[in-house]
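K.L.:
Fold the following.
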Amino acid sequence: MALYAYLEILLIPISVIFLYFLTIRTQKKSSVPTNWPVLGMLPAVLQNSHRIHEYATEVLTESNGTFEFKGPWFSNMDMLVTSDPANIHHVLSKNFSNYPKGPEFRKIFQILGDGIFNADFELWEFHRKTTLSLTTQPNFYGFLEKSIWAKIEKGLIPVLERFLETGVEFDLQDVFQRFTFDSICKLVLDYDPQSLSIDLPCIPCEKAFNGAVEALLHRHILPERIWKLLKWLQIGKEKTLMKAWKSFDEFIYPRVSINDGLEKDDNGFNLLKSFKRKYKERDIYSSSGDSREFLRDTSLGLMFAGRDTTSTCLSWLFWLLAANPSAEMKIRREIEDELHEKKDKKWRIFSVEESKKLKYLHGALCESLRLFPPLALEHKAPIRPDVLPTGNHVPENKVVLLCFYSMGRMEMIWGEDCLDFKPERWISECGGIEHQPSFKFTAFNAGPRTCIGKEMAFIQMKMVAATVIYHYNIEVVKGHKVSPSDSIIIQMKHGLRVKLSKRNVY
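P.N.:
Sure, this is the predicted structure:
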């Protein structure tokens, strides 16, 4: 094992040498990587690591949606990469039982412990049923509506008004991340950290998410022994991940004591307390056997989902609207027509039911999610050999990488206008929402693991987006470069720098 580790460490400088020759050789017309002796296809991955999602899309497009990646010798990195909807449907739905998260996934996402993202079988069932039992209560959406509006009125609007008064440019992505972090903390932990306040305080746990998701992508790119060595040496992305881990623990552990606060809240909608009660009622298996650690893992998994899905979609939505002002005007007209908001009438709060009338806004959000799905990829491995619909044979435990980001950019799935921002593609001929199968539109995953919080996310996004669009004009700062981050979550690499101006709506 030690010999293999040393050999793999040597792969990095050798790859650098190969990259040099790659840059001086005649430019290849094809994006498909060369399978080099010993190094496999790793040099091409390293050469494009700064644009890995776009590169994967180019390769998959040339390969008709499915590609066999060959890793370096002894690295155990050979994998099947696919964005083909038939394969996605097969893995996530039709043959779901053969594709658990598995041990390799748990190694990469070790930071999430026994939370719902890493869980399989009985433990996954426990997570899903417990969360559903709370979110399907009759008064849940009324509570959610009240909670969102409270954060909009006491957090979002005051912060935006301050930026408006001072006239300074600011990072809108950061504002949305703070909004969703506070909101999910309140729902899961019954605690509002108030990161979205006038002074924009630095809360280590909230900032730790960005560094963590970048490190998790690097674990997909580098051989396991190399990223484990970096972890042991505490350098690079692994050092960032360890700092994030510490920040998460310091923030969550004080709020997850199994012996405290088991009484029911007045509102009855506290996820952490529900898990505490359920954990106490049943003998649930977790790898550590520590109830506090299990509750920490549960909370962190839900916080990952609640913070990144909505904030990422909202950030990309406003960037897309800035480039497509006609779509923004249609959303404003829809708000005025459907919610009866007129220019001579002050803005009022609208309900969850009323938010469902905003169908063009719904289509715009779906377009944002199609082009920039929050989760870039999914990692799967079969427990038994399998054959995918495309005819590819998948041996036991071989990694299958599902590339969700690439799917929204493929003509074979969305047509020749796949790169265009067209909310209309989500509106049916009768004016309703055009349904798309989850294995084609994978923003909320597909099959039994479809995101439980999908409806909650759309409610929150509509309320936030409608409020901002109705009140303000948002202009992206000239010259500001916007591109996807090199992380497991498709955030904006450099944020979204904008300036505000007030709309004359009163």
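
K.L.:
Where does the closest residue in space to Leu317 that isn't next to it in sequence fall, secondary structure wise?
P.N.:
Distance criterion Cβ to Cβ, 6 or more residues apart in numbering; nearest residue to Leu317, sequence neighbours excluded, is Ser368 at 4.2 Å. No exception for glycine: its C-beta is placed from N, CA and C like everyone else's. Using DSSP states H and E, Ser368 maps to helix 359-371.

K.L.:
thinking again about what came up before, surely the residue nearest to Leu317 and Cys313 touch.
P.N.:
Yes: in this structure, Ser368 is within contact of Cys313 by Cβ atoms under 8 Å, at 5.1 Å.

K.L.:
For burial, what's the neighbour tally of Ala443?
P.N.:
26 (other Cβ atoms under 10 Å).

K.L.:
how near is it to Gly102?
P.N.:
Remark: distance between Ala443 and Gly102 (Cβ to Cβ, to the nearest Å) = 23 Å.

K.L.:
And Phe96, by the same measure?
P.N.:
Separation of Phe96 from Gly102 (Cβ to Cβ): 13 Å.

K.L.:
how about the strands in the stretch 51-200 of the chain?
P.N.:
All strands of the stretch 51-200 of the chain, identified by DSSP state E, counting those that start in this stretch, fall at 66-69, 79-82, 170-171.

K.L.:
Would you format these as JSON lines with mean pLDDT included?
P.N.:
What follows is the strands of the stretch 51-200 of the chain, written out as JSON lines (pLDDT from 0 to 100):
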{"stretch": "strand 66-69", "mean pLDDT": "96"}
{"stretch": "strand 79-82", "mean pLDDT": "96"}
{"stretch": "strand 170-171", "mean pLDDT": "98"}
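
K.L.:
Can you find the helix or strand of this protein with the lowest average pLDDT?
P.N.:
helix 2-24 (a mean of 51; mean pLDDT, DSSP states H and E).

K.L.:
Beyond that one, next helix or strand please.
P.N.:
helix 42-47.

K.L.:
That following helix - contacts with which helices or strands?
P.N.:
Counting contacts by 3 or more Cβ pairs under 8 Å, 6 or more residues apart in numbering; DSSP states H and E, helix 42-47 packs against helix 2-24, helix 52-62.

K.L.:
To what extent is the closest residue to Arg384 other than its chain neighbours buried, counted in neighbours?
P.N.:
The shortest distance from Arg384 to any non-neighbouring residue, by Cβ to Cβ, 6+ apart, is to Asn98 (5.5 Å). Look at Asn98: counted by other Cβ under 10 Å, it has 17 neighbours.

K.L.:
again, but for Glu165
P.N.:
Neighbours of Glu165 using other Cβ under 10 Å come to 9.

K.L.:
same check, this time on the one 5 residues further on
P.N.:
The tally of other residues near Phe170 (other Cβ under 10 Å) stands at 20.

K.L.:
Can you give me the distance of it to Leu160?
P.N.:
For Phe170, the distance to Leu160 (Cβ to Cβ) stands at 9 Å.

K.L.:
cool, Leu371 as well?
P.N.:
On the measure of Cβ to Cβ, Leu371 and Leu160 end up 25 Å apart.

K.L.:
now swap in Leu39 and tell me
P.N.:
50 Å.

K.L.:
Tell me which residues touch the spatially most central residue of the chain, please.
P.N.:
Against the mean C-alpha coordinate of the chain, by Cα atoms, centre = their mean, the closest residue is Pro374 at 3.1 Å. Neighbour list for Pro374: 308-309, 312-313, 443, 489-490 [criterion: Cβ atoms under 8 Å, 6 or more residues apart in numbering].

K.L.:
same thing but at 6 Å, please
P.N.:
Shown in contact with Pro374 (Cβ atoms under 6 Å, 6 or more residues apart in numbering): 308-309, 312, 489.

K.L.:
The residues you listed in helices, which ones?
P.N.:
Of the contacts of Pro374, the ones assigned to helices by DSSP state H are 308-309, 312.

K.L.:
Which of those sits closest to Ser30?
P.N.:
Thr312 (31.4 Å; Cβ to Cβ).

K.L.:
Can you tell me the number of residues neighbouring that closest one?
P.N.:
Residues lying near Thr312 (other Cβ under 10 Å) number 27.

K.L.:
Could you report the separation of it from Arg449?
P.N.:
Distance from Thr312 to Arg449, by Cβ to Cβ: 19 Å.

K.L.:
Tyr405 is in what secondary structure piece?
P.N.:
Element membership for Tyr405 (DSSP H and E) is helix 404-407.

K.L.:
What lies in contact with that helix?
P.N.:
Under Cβ under 6 Å, 6+ apart, the answer for helix 404-407 is 53, 56-57, 60, 83, 373, 376, 413, 442, 490.

K.L.:
7 Å instead?
P.N.:
53, 56-57, 60, 83, 373, 375-378, 413, 442, 490 (Cβ atoms under 7 Å, 6 or more residues apart in numbering).

K.L.:
Buried residues of the next helix or strand after it, list them for me.
P.N.:
The C-terminal neighbour of helix 404-407 among helices and strands, as given by DSSP H and E, is helix 411-414. Of the residues in helix 411-414, those buried under the neighbour-count criterion (16 or more other Cβ atoms under 10 Å) are 413-414.
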